[in-house]
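>>> quick one: sequence and predicted model below, then my questions.
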Amino acid sequence: MVPQDLRYTKDHEWVRIEGDMATVGITDYAAEQLGDIVFVELPELGRSVTQFTAVGVIESVKAVSDLFAPVSGEVVESNAELSDAPEMLNSDPYGKGWMLRLKLADLSQADALMDATAYEALTAEA
Amino acid sequence: MAQSHDAPLATPLADRHAARGARMVEFGGWLMPLQYTGILEEHRAVRTRAGVFDLSHMGELFVEGPDAAAALAHALTSDPAGLAVGRAHYSMICFPEGGILDDLIIYRLGDERFMVVANASNAGAVSDALTERLEGYRVILDDRSLATGLVALQGPRSAGVLAPLTDIALDELRYYAIADGNVAGVPALVARTGYTGEDGFEVFVDVAAAGTVWDAIFDAGAGAGVVPVGLGARDTLRLEAGMPLYGNELGRDTTPFEAGLGRVVKLDKPGDFVGRAALEKAHAEGPRKKLVGLVVRGRGIARHGYEVFAGDRRTGTVTSGTLSPTLGEPIAMAYVTPSDAEPGTIVSVGIRDQRVPAQVVPLPFYRRPV
């Protein structure tokens, strides 16, 4: 079961929408697939990011993968604690492992993302 | 267009891996466990306790006959004639042009009997090359790769776990030695070899008996904290130990000298061997590149294929890299221009759009406490 109050992308990221703010992370499924995460590179504050473009990097012991912006907007906060404790992405991906807060450029983009039911169907196929 | 693709082979322990929830991956034509609980946890278990590996994908080639030692001396870079019965050494099989076809361990099982252990992905090529190179010698090549199961037990607690299961006196079995006996009631060859930088054993058995040995080791090792270990941790363990991997550090475009393994090329052994002329020339001319250890002194992990720079000049390429679970810093192996290979040299690695500083360090990164 994934949290029901979040939106999801096919890149296995989650988004929590509160007003015009979006909190972004990766799903438990993504963390599980990546394995032990040892390094995270996040975009600088103030940067404008475009939906579905690479804005950061997640490295596990085994592989490197991109973090995509699930929605367009401005980076207003990033989780500095991940620098010293990237393993929180594995242990608590929906909580302490949050990665970014974005100020949404276009609220309708968030509505177009998958809901929990659709995302669970996606991971069930995988 | 649909691609035809042979289905990967399953090892005799496939059901054990499934039961333990392993994530499986195709490697060298085999379906192998990548990890069970996680690479870091499995890595640390081998460094501090002991871990069990299914290595049944490796190739086991038996060479037997009155000319066995001379035939292998002709086929390989090392001199198996100099091995005592019951001992082993690391070796290479090279192309006539001097590049590496595979790296091998050669075990002398008797005066006229050897076991050659090859990498899974090269087992067929090694078998073919040996078939060709042994022609004219009084030897038989018996490729028992598919008939042989291989279970490795690696880590400081290995001897304590294995000893009650075997009639072989493990305290008399030296590093790079092999003995014939029983493990868990099953006929086995037990070698004190491995690919982790720890003390440990490799147990070669008939493919039908691999499950018996695997289960017995876990039963005996439950109190010692023995865990199963997949290929993911096998890679980080061997990298910390500075051991090369075929396809990363070793390949057709690399000579043993460049890989820092000139010690296994016995240019002073009698007789010709395949690759001798090319290797003598390469030795005389000196290497075009040298394998070095790197510790990244910035943020990011240097991975296979990343470029290495000395100042603005491209000096080489990363062959393997990871975050060292033991050291807690990013380590890598790379080929660089020989003039940049001195330990202490500061180079940089192109990690995405940045040049991250790294320092050349001596290999290995990790040596087990004596």
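Structure's in. What do you need?

>>> quick one, what contacts B:Val85?
Residues near B:Val85 by C-beta atoms under 8 Å, 6 or more residues apart in numbering or on different chains: B:Arg108, B:Leu109, B:Gly110, B:Asp111. Just so you know, the C-beta spots here come from the backbone N, C-alpha and C atoms, and that holds for glycine as well.

>>> likewise A:Ser83?
Counted by C-beta under 8 Å, 6+ apart, A:Ser83 has contacts A:Val40.

>>> pick out the most distant pair among the contacts of B:Val85.
The most widely separated members of these, counting by C-beta to C-beta, are B:Leu109 and B:Asp111 (9.3 Å).

>>> more neighbours, the two?
Each of B:Leu109 and B:Asp111 has its neighbours counted (other C-beta atoms under 10 Å in any protein chain shown); B:Leu109 has more, 19 against 9.

>>> in what helix or strand does that one lie?
strand B:100-110 (DSSP states H and E).

>>> direction included, what does that strand pair against?
Paired strands of strand B:100-110, with direction, are strand B:88-94 (antiparallel), strand B:113-118 (antiparallel) (DSSP bridges).

>>> okay, and the beta partners of the closest residue to A:Ala110 other than its chain neighbours?
Spatial nearest neighbour of A:Ala110, excluding adjacent residues (C-beta to C-beta, 6 or more residues apart in numbering or on different chains): A:Ile17 at 4.9 Å. Assessed by DSSP bridges, A:Ile17 has beta-bridge partners A:Ala22.

>>> OK, contacts around A:Ile17?
So A:Ile17 contacts A:Arg7, A:Leu104, A:Ala110 (C-beta under 8 Å, 6+ apart).

>>> residue boundaries of the helices in chain A?
A:28-34, A:88-91, A:107-111, A:116-125 (DSSP state H).

>>> give me phi/psi at residue 97?
Here I'm looking at chain A. Recorded main-chain torsions at A:Gly97 are phi -90, psi 20, according to degrees, to the nearest 10.

>>> and for whichever residue of the stretch 101-250 of chain B sits closest to chain A, the neighbour number?
Closest residue of the stretch 101-250 of chain B to chain A, C-beta to the nearest C-beta: B:Gly232 (5.5 Å). Applying other C-beta under 10 Å, we find 26 other residues in the vicinity of B:Gly232.

>>> and what of A:Ser60?
Neighbours of A:Ser60 using other C-beta under 10 Å come to 25.

>>> can you give me the pLDDT of it?
pLDDT recorded at A:Ser60 is 94.

>>> in the sheet, who's paired with it?
Bridge pairing for A:Ser60 - DSSP bridges - gives A:Ile37.

>>> wait, isn't B:Gly344 in contact with B:Gln359?
Yes. Here B:Gly344 reaches B:Gln359: they are 6.8 Å apart, a contact under C-beta atoms under 8 Å.

>>> so what's the closest residue to chain A within the stretch 251-370 of chain B up against?
Residue of the stretch 251-370 of chain B nearest chain A, by C-beta to the nearest C-beta: B:Leu323 (4.3 Å). Going by C-beta under 8 Å, 6+ apart, B:Leu323 touches A:Val38, A:Phe39, A:Glu59, A:Val61, B:Ile301, B:Glu329, B:Pro330, B:Ile331.

>>> more neighbours, B:Gly344 and B:Gln359?
B:Gln359 (15 against 8).

>>> correct me, but the more buried one touches B:Ser348?
No. Using C-beta under 8 Å, B:Gln359 makes no contact with B:Ser348, being 10.2 Å away.

>>> quick one: contacts for the closest residue to B:Leu101 other than its chain neighbours?
Computed as C-beta to C-beta, 6+ apart, the closest residue to B:Leu101 that is not its neighbour in sequence is B:Ile93, at 4.6 Å. Taking C-beta under 8 Å, 6+ apart as the criterion, B:Ile93 is in contact with B:Ala75, B:Leu76, B:Thr77, B:Ile100, B:Leu101, B:Asp102, B:Leu104, B:Val126, B:Ala129, B:Leu130, B:Val274.

>>> which one of those is nearest to B:Tyr176?
B:Leu104 (13.0 Å).

>>> name whatever forms a beta bridge with B:Cys94.
B:Ile100.

>>> distance of it from chain A?
31 Å (C-beta to the nearest C-beta, to the nearest Å).

>>> that residue: neighbour count?
B:Cys94: 25 neighbours (other C-beta under 10 Å).

>>> if I look at it, what pLDDT would I see?
Note on B:Cys94: pLDDT of 98.

>>> next: B:Phe53.
98.

>>> which stretch of helix or strand covers it?
Following DSSP H and E, one finds B:Phe53 within strand B:51-54.

>>> give me the residues contacting that strand.
B:11, B:13, B:16-17, B:32-33, B:42, B:45, B:150-155, B:196, B:210, B:214, B:217-218, B:221, B:226-230, B:233-234.

>>> buried residues in the strand holding B:Leu109?
B:Ile100, B:Leu101, B:Asp102, B:Asp103, B:Leu104, B:Ile105, B:Ile106, B:Tyr107, B:Arg108, B:Leu109 (16 or more other C-beta atoms under 10 Å in any protein chain shown).

>>> now do the contacts for residue 115.
Let's take chain A. With C-beta under 8 Å, 6+ apart, A:Asp115 has these contacts: A:Arg7, A:Tyr8.

>>> actually, chain B is the one I wanted.
By C-beta under 8 Å, 6+ apart, the neighbours of B:Met115 are B:Glu60, B:Leu61, B:Phe62, B:Val63, B:Ile106, B:Tyr107, B:Leu109, B:Ile178, B:Leu189, B:Phe204.

>>> with B:Val186 instead?
B:Val205, B:Asp206, B:Ala209, B:Thr212, B:Val213.
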